[in-house]
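K.L.:
okay, sequence plus prediction incoming.
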Amino acid sequence: MPAAAAVHHAPLPTRAQPHSINPPPPPAKPTAASLPQWNALLASHSRAGRHADALGLLPPLLAASEGLAPDRFTLPPAAKSCGFLRDGATAGRQVHALAAKLGLASDEPFVANSLVSMYGRCGRAEDAEKVFDGMPSASRNLVSWNALMAALSDNPRRGIEVFRDCLVDLSGTAEAAPDEATLVTVLPMCAALGCPGTGRAVHGLAVKSGWDAAARVSNVLVDMYAKCGELANAERAFLQASESNVVSWNVMLGGYARNGEAGAAFGLLREMQQTEEHGVPADEITVLSVLPACSGPPELAKLRELHAFTIRRGLDSTGGNDMVPNALMAAYGRCGCLLHASHLFTGIRSKTVSSWNALIGAHAQNGEVSTAIKLFLQMASDCGLKPDWFSIGSLLVACGNLKHLLHCKATHGFILRNGLERDSFIRSSLLSAYIQCGRESLARVLFDDEAEENDEVSWNTMIAGYSQNGLPGESLQLFRKMQSMAGTGRWPSLISATSALMACSELSAVRLGKEMYCFALKSGLCQDSFLSSSMIDMYSKCGFVNNARAFFDRLEAKDAVSWTAMITGYAVNGLGKDAVEMYDKMRKEGMEPDEFTYLGLLMACGHAGMLEEGLRFFEEMRSHYKIEAKLEHYACVIGMLSRAGRFADSLALMEEMPEEPDAKVLSSVLSACHIHGEVELGREVAERLLELEPDKAEYYVLASNMYAGTGQWDEMRKVRKMLRDAGVAKEPGCSWINVAGKVYSFIAGENSLPEMDEVRRMWHGLEQRIREIGYVPDTTVVLHELEEEEKVEALRWHSEKQAIAFGLLRTARPAKVRVFKNIRMCKDCHNAAKLISKVVEKEIVVRDKKRFHHFRDGICSCGDYW
């Protein structure tokens, strides 16, 4: 190797180690006779953690005469020491070069294994694989494979592949079964990938080889099952462990806490206290393992109980370590108890940056942005401590969540003044904050300004931000750009692919969605449940609910997210009964519903007019599963009650809500008032709604339509004058259709397309045919003071009718006509579309602002309830 010649001259690390206060002196001069002593001394330094001292013995050995050279016992401890030094990769390459020069790098397993392990410790997994691949197959043993798997611990997918290769390679040999080191390396990889199936297979190997009883293996098994969400198997592995120590208890406690099982975690902690007399005392890690269970206000009492436990056991400030107090502060912040967090902070004698971060994060998390900024400045100015990435990240998260643009800009200024803008975490946090504040343009300027500094997280932040903020086109454009930069190491990840699928859903671009899925398939991302659920969501929101169901049925592993996505898919397509049937199947499969499952069910019942079923699910959610109803759940139920004319019940439920009703709730009530002619209630609701969001034209239109529908033209004119005075532009009715990859748009009353003569002739023909089977224009939906014939002419050129006529002209059988509309479909267009589907014997799908309508054989999927 080229570097071998430089080994004698390159300086190896010589800085002193904490353990090397009085290291044993080396022999006076290296000789062939004294080489074993030098080897023993080097190994002793390495074992004791005196790594620089160990490497300091190599230069005298290399400079010795008499043909003396390091042997296979010299280089392994030297390589091991390189793996523990901060700049060890450089020294490690020199040791590797020396081994190659001496012919020991590949043919001597003891040396080669130590080099693989060294490169792994230095984070150079690719170099570890190169050394391993250079070893003759006959020289590789289980230690070699274990070293390579350990080196690949940060790449678990590749690590599992290597483990399988290991089993094949060693089959039929004395080392065919994995040992303890193999198991404690591979099982965490299964946990990292969320693959309990592979974990169970490894568990089976552990049982066959007799290693499952070893304390380290049983602890890792418990941890793996807990991280994969299989608490029953974790409990079984914990109870079957023959040697339980404090680590075993801590792992099980952490498993309960991470999975939100606060009751089980505290129950096990009490059981652990009862066993302390048998030699299992709690330690700091015990407290830190349980604290994640205290994730919100309902767990405040348990958190105070745990705090008292730490004080009684003297664990609140063990050895001056502030880890437990800091974690307690963070937990009090999650539980919304800032007073206790502040008291804890005051009691810490020597406050570190981590202590300040915990208190700043607690205030930021609870919306106290101003206090968080004051603490931030106090830490920097009064205490002389330098804020780190966590301090700034906490502030930016709070600014983004509360949409405090001014505070966000102030924090950005601090970042620039202190030269922190190149930190990848801070950079992505800043991008996220600007996006959450609705300033995508500022985020894009920052993103483009230092393009070479953007890492995967920054790209994901921008792609997801565009998608979530109603800019799906920009999201897909940036995703394409990321794909084109594959050669520079910028390759779309699971997060960016999921965000791109969300953008396809918003654009109703099913063809693009299929392209995204093909990309995910080629990239090996399709095993992820969230991406699969996003695919179901994309098909559903594009109106391809049958494709969504076919995709769902092909999934090998269906989790609660997949089931919820399918239930919600049926909901947005107005198929309430199918959604309920899917829920029943989900329960039979043993899946537990969550708040999102119930939101999908309530939406399905609301769209299908299944009021009693919806009320039953709402009560079941709150009483049986103890799921706290959010604003979205109340909005669905209030909308259902109002649509059914049960205004007294809907108002009573609004009073019961834990927070004030938002615009979504009020607009659903106002819409129902328009349908049922409840003008007095509608007037009150409209006043509250326009006061809450005076810049939304659709709410003025709702109020105006309510008055016009009851013939109160003076009131209608007042509302329209308010709309003009507010300077808010009313969005015109617009429909669009995708034909052969090209999008054609239609606006009510406008005839700008070159094909409009054909469209006009087509519509007149369709109107004549549907009049023959009972169509009569419903002029009551024209809320203008016009003559009857003028109203009929206005109805004739509604945008969705133009789009349907164009679609029938340009789409061949058996393709469906798929039309998208920006506002709610009117009753007349709905009646016309039903009859058109019957006379042309073709399915027509219309997606308006609220839902999908599937017209087939003169019937709509909504059952005329929308």
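P.N.:
Nice, I can see it. Numbers count the residues shown, from 1 in each chain.
K.L.:
spit out the contact partners of Phe414.
P.N.:
Applying CB atoms under 8 Å, 6 or more residues apart in numbering to Phe414 gives the contacts Ile392. Quick note: C-beta positions are derived from backbone N, CA and C, even for glycine.
K.L.:
next SSE after the helix or strand harbouring it?
P.N.:
Taking DSSP states H and E as the criterion, Phe414 maps to helix 405-417. Once helix 405-417 ends, the next helix or strand along the chain (criterion: DSSP H and E) is helix 424-436.
K.L.:
count of neighbours near Thr568?
P.N.:
Residues near Thr568, counting by other CB atoms under 10 Å, number 25.
K.L.:
in contact with it, which residues are there?
P.N.:
Asp537, Ser540, Ala579, Phe596, Leu599, Gly600, Met603, Ala604.
K.L.:
after the strand or helix carrying it, next one along is what?
P.N.:
Using DSSP H and E, Thr568 sits within helix 560-572. For helix 560-572, the following helix or strand on the C-terminal side (DSSP H and E) is helix 576-588.
K.L.:
the helix or strand just after that following helix vs helix 576-588, what angle?
P.N.:
Once helix 576-588 ends, the next helix or strand along the chain (criterion: DSSP H and E) is helix 595-608. Going by axes from the mean of the first three to the mean of the last three CA atoms, to 10 degrees, helix 595-608 is angled at 150 degrees with respect to helix 576-588.
K.L.:
list the buried residues of the helix or strand following helix 595-608.
P.N.:
Next along the chain after helix 595-608, taking DSSP H and E as the criterion, comes helix 611-623. Residues Leu611, Glu613, Gly614, Leu615, Phe617, Phe618, Met621 are the ones in helix 611-623 that count as buried (16 or more other CB atoms under 10 Å).
K.L.:
same question, stretch 190-199
P.N.:
Result for stretch 190-199 [16+ other CB under 10 Å]: buried residues Cys190, Ala191, Ala192, Leu193, Gly194, Cys195, Pro196, Thr198, Gly199.
K.L.:
stretch 626-633 now?
P.N.:
Applying 16+ other CB under 10 Å to stretch 626-633 flags Ile627, Ala629, Glu632, His633 as buried.
K.L.:
residues in contact with the spatially most central residue of the chain?
P.N.:
Geometric centre of the chain, nearest residue: Ile495, 7.1 Å, by CA atoms, centre = their mean. In this structure, Ile495 makes contact with Asn460, Ile463, Ala464, judged by CB under 8 Å, 6+ apart.
K.L.:
most neighbours among these, which one is it?
P.N.:
Ranking those using other CB under 10 Å puts Ile463 first, with 28 neighbours.
K.L.:
got the CA coordinates for the one helix or strand that one maps to in PDB?
P.N.:
Element membership for Ile463, per DSSP H and E: helix 456-468. The C-alpha trace of helix 456-468 is given here as PDB (Å, rounded to 0.1, in the frame of the first residue of the first chain):
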ATOM      1  CA  GLU A 456     -31.000  15.900   3.700                       C
ATOM      2  CA  VAL A 457     -33.000  17.400   6.600                       C
ATOM      3  CA  SER A 458     -33.000  20.800   4.900                       C
ATOM      4  CA  TRP A 459     -34.300  19.400   1.700                       C
ATOM      5  CA  ASN A 460     -37.000  17.300   3.500                       C
ATOM      6  CA  THR A 461     -38.000  20.400   5.500                       C
ATOM      7  CA  MET A 462     -38.600  22.500   2.300                       C
ATOM      8  CA  ILE A 463     -40.300  19.700   0.400                       C
ATOM      9  CA  ALA A 464     -42.700  18.900   3.300                       C
ATOM     10  CA  GLY A 465     -43.200  22.600   4.100                       C
ATOM     11  CA  TYR A 466     -44.400  23.400   0.600                       C
ATOM     12  CA  SER A 467     -46.700  20.400   0.600                       C
ATOM     13  CA  GLN A 468     -48.200  21.200   4.000                       C
END
